[in-house]
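**Q** Structure for this input, please:
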Amino acid sequence: MPRYKLTVAYDGTAFHGWQKQHPPGAPPLRTAQGVLEEAVRAVLRSPVNVFGASRTDSGVHAVGQVAAFDGESPVPLERLPAAVTSRLPDDIQVLKAEVVPEAFNIIGDVEAKGYRYCIAHGRREASTRPLFDRFYTAWTAHDLNVRLMQQAAGDIVGRHDFAAFTRVNQTRESTTREVHACTVEATSEGRVQIDVSGEGFLWNMVRIIAGTLIEIGSGRRAVDSIPATLASTRRDQAGMTMPPEGLCLQWIRYGEPGCGRQKQLARQRAEA
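**A** Residues are numbered from 1 along each chain as shown. As a prediction, this is how the structure comes out:
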């Protein structure tokens, strides 16, 4: 049976995140995975299950989410994105469809993910606060020193224990992650974007990185404070968790199908 890989974009504003959720005694919540799965089932006329590579939270957007399913499609591959999208609501689209090997693991074979956090800052002009893009850009009233944020962002890069940069009582077995790049750029007057890429991320990790860099840029936190914050492994030592609307999953990069198990063993050996 063929395995399909989909590249998916969605506006997360009206979704309760990516992952399907069925609260006890209540109807299922509206999620990106849920509506996508319904659309794929309608096209294939089969009860297939759709899986995703990244569990984005409520209000978080994506232009490069990846989903996969096994099934026999009656629609030619080149027409599959349009066929599925025609059955989706207006806030989610399938951009691309590929047939991948059976060994493809949608989570285990991920080599890297890239996220972008967009911020408007300052309050000297009323128009500084986002209006028409308010669901895609966070706002802080503080004026930000981008140079200081750029300097501090370099201390995020590398393999670290990011326990200070995730939610308290998170359930991941390990809080060690490798960040490949973290950059800060002023895109226009009063607008800044933070790009973070790495092998994987903890719950709220990018939003807390953004909050910490914003506190540095506003002068409320020392520019050289991140190494000590990482070493503390304490959530109360890092910055605020920024709201979800500024965050967008940009891309996911994969290695060879089936490579996930080898990577996991290599990491375990390195951390032993």
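
**Q** Give me the mean pLDDT for stretch 152-168.
**A** In this model, stretch 152-168 carries a mean pLDDT of 95.

**Q** First-to-last residue distance for that stretch?
**A** Stretch 152-168 has an end-to-end distance of 23 Å (C-alpha to C-alpha, to the nearest Å).

**Q** Centre of the chain to that stretch, how far?
**A** A distance of 16 Å separates the centroid of the chain from that of stretch 152-168, by C-alpha atoms, centre = their mean, to the nearest Å.

**Q** can you check stretch 56-65 too?
**A** That offset, for stretch 56-65, works out to 6 Å (C-alpha atoms, centre = their mean).

**Q** neighbouring contacts of that stretch?
**A** 7-13, 15-18, 32, 52-54, 114, 135-136, 203-204, 243-245, 247-252 (C-beta atoms under 8 Å, 6 or more residues apart in numbering). All C-beta spots, glycine's among them, are computed from the backbone N, C-alpha and C.

**Q** What about those, which are in helices?
**A** Assigned to helices by DSSP state H, the following of the contacts of stretch 56-65 qualify: residue 32.

**Q** Please list only the buried members of the contacts of stretch 56-65.
**A** 7-12, 15-18, 32, 52-54, 114, 136, 203-204, 244-245, 247-252 (16 or more other C-beta atoms under 10 Å).

**Q** In strands only, show me the residues you listed.
**A** 7-10, 52, 114, 247-252 (DSSP state E).

**Q** Give me the neighbour count for residue 91.
**A** For residue 91, the count of nearby residues is 16 (other C-beta atoms under 10 Å).

**Q** Next up, the contacts around it.
**A** Per C-beta under 8 Å, 6+ apart, neighbours of residue 91: 10-11, 13-15.

**Q** how near is the residue nearest to residue 37 when sequence neighbours are not counted to residue 256?
**A** Closest residue in space to residue 37, ignoring its immediate chain neighbours: residue 50 at 4.1 Å, by C-beta to C-beta, 6 or more residues apart in numbering. Counting by C-beta to C-beta, to the nearest Å, the gap from residue 50 to residue 256 is 23 Å.
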